[in-house]
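> Fold the following.
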Amino acid sequence: MSKKLMGSALFFSLSVALLAAAAVWAQGQVATNVGEDAKKSNGAPGVPMHPDQKLELMMKIKLPFTVVAVGDLLEFQPFSKSVDPDVQYLVNLTRNADLTIGDLEDEIYDFDNFGHAGGNLGTKEVADDWANMGIKMVSRANNKDQSSPGVWEDFREVERVGIVHMGVAHSLPEARMARYLQTPKGLVGEVGVSAEGGTDACCTGGPVTYVSAAQLAQVKAIKDSIIARRDEVEVPVDLPAPDPEGTVNVFGVTFVAGSKPAGSDTAVAGRGGRGGRGGRGSSPLDGVKNTLRLTLFHGVTSEQMAQLRDIAGDSGTGNDLSAFGTQFRVMARPGEHSFDMNPEDLKEILTQIKTGKEASEFLAVNMHWHQNRFDFQHYSYDHFPADFEIKFAHDAIDQGADLFVAEGVHTIKGVEIYKGKPILYGVSNYIFQSGLMPQGKGVLPGGSKGGFGDGLPAGEGSGAGRGAQASADPGVIVGEHETQGFWQLLPNLEGLLSQSHYDNGKLTEVRIYPVDLGQTYRPTSDVGIPRKPTLAVTKKILDEFVEYSKPFGTKIALENGVAIIRIPPSEQK
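Presented below is the predicted three-dimensional model:
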């Protein structure tokens, strides 16, 4: 054999030996056991059964990352291609973010192939408009109809333009799950939740409870003490009509002086209050939404609680009472609201928030709530969070949420920075074309109205929140959008666009841009389109926002028409 061949053979033999040695060495690096005390053969750590939760729940996107969050999307005709610079000012903000999220309040249908049947009816071009604005994820967990087939048509339209939706699915476990979107900078997730029930207000009646004349006087005094506080809020409940003689309507109960008639039975079933259909649909084909059920407690003083216990024949003690089909809690003043969250719902929702964060690099939670803090406050007009709202938002952040944004109540609320994460308690409406909300006229596929169209329940259709749509004179033509109602009050026609900036996995800054939806007069066709406000309206909205954020100690700078919350490095987590 030549020296050259002998050299080649030797080189080959050495290579084989080295590869074999490497294989043996590599085998030594394989984990010999798996678990909390896992070790490799060389003593190095093995594969833990449970990853480090501190690392799992961190914001994992290290590149600069900007998230825009807006509120209710109640759009019925497109507008985003308008050449109006005040419109484009906001469109550019939503379009240029790494992630833009909002709340799907519409029922978006292809009217030619589906039918013009529903409540918040948006033409299919609305979905294209949202995509043009850069909206990428929307929550459907809200008080809009989840009935089949409409809800699935709604989803088809947003899916058609590449928008991810969450919060409603075919089953409750699915509805609770996060949905995901791959962005160039990392995988993001979002969980959508809807708070259900507890929107009762003074002073309606209901199931009858018979009381003595003295007890009736006590109940009337309780009702009067609540009504006396109406002036404490911007939009109070309507002043109730006088009660019939010998009767007091309050707390959803009708108290009547006299003895209970023989053979009669008093129903004491609880009431759900306004807030949309329940989490589980009435048909197996309906959508199911991710619902957090609430129990409302009406606040009374200690003296009033003693009176109610006596009327109910309850000899117990403590701060809570369940009687007459509702709940009471001792609070500082009458007419306050307190809420308990359903513990099963709470645990399941928080489990999916944590799961969603473990599976993604950034997680947002969208919450839809309409609950007020007072019996004497008009539905959906509170500027400060109820007790459960603060607790739930903190819980969500504790389980890994990087951003918490809420809407539903059609007014703005404040912002809290909690453990280095932003909690937006109420960004209100972003698009609110309430003046031109169309009335359902068509039928569902197959010819069935399915509870829509002419059969739409009162208060559920496009006329909700608007004035009468008819004239006493049969010769007068009245347009369907001619008379407006309480949705056109100024508190409903302002909103907040939030822009959260993250760098190296930390929140560094939150910018709040005021949104004008109609603070000065606009024709109906223009109401609800988001615009950059005038200087005067900007000051009004930002001054309100600063006031609403004071309870949280949030440090806010107002610069060039924008509220800026800067997070010092020492507070970045």
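> Which pLDDT value goes with the residue nearest the centre of the chain?
Nearest to the geometric centre of the chain sits His368, at 1.8 Å (Cα atoms, centre = their mean). Per-residue confidence for His368 comes out at a pLDDT of 97.
> just Thr32 next, same as before
So Thr32 comes in at 51 (pLDDT).
> As a check, name the ranges of all strands in the stretch 301-450 of the chain.
Remark: strands of the stretch 301-450 of the chain, listed N- to C-terminal, are 320-323, 326-330, 337-341, 362-369, 403-408, 415-418, 421-424, 429-432; assignment by DSSP state E, counting those that start in this stretch.
> Nearest to Phe114, out of the ones you listed?
In this view, those are compared for proximity to Phe114 by Cβ to Cβ, and strand 429-432 is the closest at 21.6 Å. (Each C-beta comes from the backbone N, C-alpha and C, glycine too.)
> So Met137 is in contact with Ile163, correct?
Yes: using Cβ atoms under 8 Å, Met137 is in contact with Ile163, at 6.9 Å.
> Name the residue in the two with the higher neighbour count.
Neighbours per residue, other Cβ atoms under 10 Å: of Met137 and Ile163, the larger number sits with Met137, 24 against 21.
> tell me the contacts of that one?
Taking Cβ atoms under 8 Å, 6 or more residues apart in numbering as the criterion, Met137 is in contact with 99-102, 163-166, 179, 181, 188, 190, 364.
> Please identify which of those is nearest to Gly495.
Each of these was checked against Gly495 using Cβ to Cβ; the closest is Gly102, at 10.8 Å.
> Is that closest one bridged to anything, and to what?
The residues paired with Gly102 through beta bridges, assigned by DSSP bridges, are Val138.
> For the remainder of this discussion, apply numbering that starts at 591.
Got it, first residue is 591 now, which makes that one Gly692.
> give me the number of residues near it?
28.
> Over to Val1152?
Neighbours around Val1152, by other Cβ under 10 Å: 15.
> swap in Leu645?
Taking other Cβ under 10 Å as the definition, Leu645 ends up with a neighbour count of 8.
> Likewise for Leu1026?
Leu1026 has 16 neighbouring residues, counting by other Cβ under 10 Å.
> which residues touch it?
Applying Cβ under 8 Å, 6+ apart to Leu1026 gives the contacts 666-667, 1071, 1114-1115, 1117.
> Filter those residues down to the buried ones and hand me the ChimeraX line.
Buried members of these, defined by 16 or more other Cβ atoms under 10 Å, are picked up in ChimeraX with:
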select :666,1071,1114,1117
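> Kindly reformat the contacts of Leu1026 as JSON lines and extend each row with distance to Glu835 and pLDDT.
As requested, those are exported to JSON lines (distance: Cβ to Cβ, whole Å; pLDDT from 0 to 100):
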{"residue": "Phe666", "distance to Glu835": "47", "pLDDT": "93"}
{"residue": "Gln667", "distance to Glu835": "51", "pLDDT": "93"}
{"residue": "His1071", "distance to Glu835": "42", "pLDDT": "79"}
{"residue": "Thr1114", "distance to Glu835": "44", "pLDDT": "88"}
{"residue": "Ser1115", "distance to Glu835": "49", "pLDDT": "90"}
{"residue": "Val1117", "distance to Glu835": "44", "pLDDT": "92"}
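> ok, of the contacts of Leu1026, which one's closest to Asn962?
Ranked by distance to Asn962 (Cβ to Cβ), the contacts of Leu1026 are led by Val1117 at 24.3 Å.
> Whichever of the contacts of Met727 end up buried, select them in PyMOL.
In PyMOL syntax, the buried subset of the contacts of Met727 is picked out as below (16+ other Cβ under 10 Å):
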select buried, resi 689+690+691+692+753+754+755+756+769+771+778+780+954
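> Let me see the contact set for the residue nearest to Gln1023 when sequence neighbours are not counted.
With Cβ to Cβ, 6 or more residues apart in numbering as the criterion, Gln1023 has its nearest non-adjacent residue at 3.8 Å, and that residue is Gly1118. Applying Cβ under 8 Å, 6+ apart, one finds that Gly1118 lies in contact with 664-665, 1019, 1021-1025, 1083, 1107-1108.
> again, only using 6 Å
1022-1024, 1107 (Cβ atoms under 6 Å, 6 or more residues apart in numbering).
> Hmm, which of the residues you listed is lowest in pLDDT?
Ser1024 (84).
> number of nearby residues for it?
Around Ser1024 there are 28 other residues, counting by other Cβ under 10 Å.
> That one and His1071 touch, don't they?
No: under the criterion of Cβ atoms under 6 Å, Ser1024 is not in contact with His1071, lying 9.7 Å apart.
> Pro830 reaches Cys793, doesn't it?
Yes: the pair formed by Pro830 and Cys793 meets the contact definition of Cβ under 6 Å, at 4.4 Å.
> I'd like the contacts of Leu1026 as TSV, with secondary structure and distance to Pro924 appended.
Rendered in TSV, the data for those read as follows (DSSP: H, G, I helix; E, B strand; the rest coil; distance: Cβ to Cβ, whole Å):
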residue	secondary structure	distance to Pro924
Phe666	coil	41
Gln667	coil	45
His1071	coil	40
Thr1114	helix	40
Ser1115	helix	44
Val1117	coil	37
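> Flag the shaky bits of this structure, pLDDT-wise.
Low-confidence segments of the chain (pLDDT under 70): 591-628, 630-631, 635-639, 853-872, 1035-1062, 1074-1076.
> bridging residues for Ala1153?
Going by DSSP bridges, Ala1153 is paired in beta bridges with Ile1102, Leu1148.
> Burial check on it, number of neighbours?
24.
> What of Val741?
If you count neighbours by other Cβ under 10 Å, Val741 ends up with 23.
> Next, work out how far apart it and Lys1009 are.
The gap separating Val741 from Lys1009 is 35 Å, by Cβ to Cβ, to the nearest Å.
> Check Glu1137 too.
Counting by Cβ to Cβ, the gap from Glu1137 to Lys1009 is 24 Å.
> Count the neighbours of Glu893 for me.
Glu893 has 13 nearby residues by other Cβ under 10 Å.
> Next one: it from Arg899, what distance?
In this structure, Glu893 and Arg899 are separated by 11 Å, where distance is defined by Cβ to Cβ.
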